[in-house]
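In: give the three-dimensional model of this entry:
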Amino acid sequence: AVLARTHHSSQTATQLLPIENPAYTQCLAYMRCMEECLGTVNNRMVLAAANYRACRIDELSISKGDRLFVQRRGDINNEMWWWVKNPRGDEGYVLRDLLSLNSRHS
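Out: Numbers count the residues shown, from 1 in each chain. The predicted structure is shown next:
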């Protein structure tokens, strides 16, 4: 889940990448590409990287490994929650930190 944030500092992986790393430029380019691709490539298909039980009526419960299709990446009020649809046609908000581009992270 490339957009996941740490509990301690609430930073993403790209923000935590040490500048003094010899491969900083390449790593940063790769991470930014993954951030931009999530929810746009593979026919907008993403995978659930963790289990989540919906707490509100407009949220969608997911299980690790579920295939989901991004309908909207965030909204005007909050970019952290994405509107997704599962193959059964159920729709709802899911925290983007719980979404992955490939199965290695789900």
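In: from Leu16, how far out is Thr40?
Out: When distance is defined by C-beta to C-beta, to the nearest Å, Thr40 is 23 Å away from Leu16. For the C-beta atoms, the positions are set from N, CA and C on the backbone; glycine is no exception.
In: in this protein, which spans are helices?
Out: Ranges of helices within the chain are 13-16, 24-37, based on DSSP state H.
In: so for the shortest one, mean pLDDT?
Out: This predicted structure assigns helix 13-16 an average pLDDT of 72.
In: packing partners of it?
Out: Packed against helix 13-16 by the contact rule (3 or more C-beta pairs under 8 Å, 6 or more residues apart in numbering; DSSP states H and E) you find helix 24-37.
In: using CSV, write out every CA atom in the lowest-mean-pLDDT helix or strand in the chain.
Out: Across the helices and strands of the chain, mean confidence by mean pLDDT, DSSP states H and E is lowest for helix 13-16: a mean of 72. Only the C-alpha atoms of helix 13-16 are listed here, as CSV (Å, rounded to 0.1, in the frame of the first residue of the first chain):
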residue,chain,number,x,y,z
ALA,A,13,6.7,6.2,2.0
THR,A,14,7.9,8.9,-0.4
GLN,A,15,8.1,11.4,2.5
LEU,A,16,10.2,9.0,4.6
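In: number the residues from 34 up from this point.
Out: Sure thing, new numbering starts at 34, so read that last one as helix 46-49.
In: where among the helices of the chain is the average confidence lowest?
Out: Note on the helices of the chain: helix 46-49 shows the lowest mean pLDDT, a mean of 72.
In: got any ranges where the protein has weak pLDDT?
Out: 34-46, 136-139 (pLDDT under 70).
In: for Arg105, name its beta-bridge partners.
Out: Beta-bridge pairing of Arg105 under DSSP bridges involves Trp116.
In: circling back: including distance to Lys97, could the helices of the chain go into CSV?
Out: Converted to CSV, those look like this (distance: least, C-beta to C-beta, whole Å):
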stretch, distance to Lys97
helix 46-49, 19
helix 57-70, 19
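In: dump those to JSON lines, plus mean neighbour count.
Out: JSON lines is the format used below for the helices of the chain (neighbours: other C-beta atoms under 10 Å):
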{"stretch": "helix 46-49", "mean neighbour count": "14"}
{"stretch": "helix 57-70", "mean neighbour count": "13"}
